[in-house]
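J.: Would you be able to build a 3D model of this:
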Amino acid sequence: MNFGIKEKDALHLACAIFAKSDYFITTDKKLLNKNVGEINIINPIDFLRRHYNEN
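T.: Predicted coordinates for the structure are as follows:
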């Protein structure tokens, strides 16, 4: 919530960070514009593009 994220969204992000996830996939434009640092926040289309380009 220190990043200006709503309580429920912050909880979801905190769980993903705690689980050491590499990505947090969302379509929420407000979250997509946040830079949390500990995790990559990305939309599903960009995630798939990145995944297929890496393989």
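
J.: CA only for contacts and neighbour counts going forward, please
T.: Noted.

J.: CA atoms only for stretch 17-34, dumped as PDB, please.
T.: C-alpha atoms of stretch 17-34 as PDB (Å, rounded to 0.1, in the frame of the first residue of the first chain):
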ATOM      1  CA  ILE A  17       6.300 -11.400  -3.900                       C
ATOM      2  CA  PHE A  18       6.400 -13.600  -0.800                       C
ATOM      3  CA  ALA A  19       6.100 -16.700  -3.100                       C
ATOM      4  CA  LYS A  20       9.100 -15.300  -5.100                       C
ATOM      5  CA  SER A  21       7.000 -15.100  -8.300                       C
ATOM      6  CA  ASP A  22       8.800 -13.700 -11.300                       C
ATOM      7  CA  TYR A  23       5.700 -12.000 -12.700                       C
ATOM      8  CA  PHE A  24       2.400 -10.600 -11.600                       C
ATOM      9  CA  ILE A  25       0.000 -10.800 -14.500                       C
ATOM     10  CA  THR A  26      -2.900  -8.400 -14.600                       C
ATOM     11  CA  THR A  27      -5.100  -6.300 -16.900                       C
ATOM     12  CA  ASP A  28      -5.500  -3.500 -14.300                       C
ATOM     13  CA  LYS A  29      -4.000  -0.400 -15.900                       C
ATOM     14  CA  LYS A  30      -3.300   1.300 -12.600                       C
ATOM     15  CA  LEU A  31      -1.200  -1.700 -11.400                       C
ATOM     16  CA  LEU A  32       0.500  -2.000 -14.800                       C
ATOM     17  CA  ASN A  33       1.800   1.600 -14.300                       C
ATOM     18  CA  LYS A  34       3.300   0.800 -10.900                       C
END
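
J.: If we go by neighbour counts, what in it is buried?
T.: Across stretch 17-34, burial judged by 16 or more other Cα atoms under 10 Å covers Ile17, Tyr23, Phe24, Ile25, Leu31.

J.: Name the strands paired with the helix or strand that the third one is a member of and say parallel or antiparallel.
T.: Here Phe24, judged by DSSP states H and E, is contained in strand 23-25. Here strand 23-25 is paired, per DSSP bridges, with strand 40-42 (parallel).

J.: Just give me the neighbour total for Tyr52.
T.: 9 (other Cα atoms under 10 Å).

J.: ugh, typo on my part, it should be Asn2
T.: Using other Cα under 10 Å, Asn2 has 8 other residues around it.
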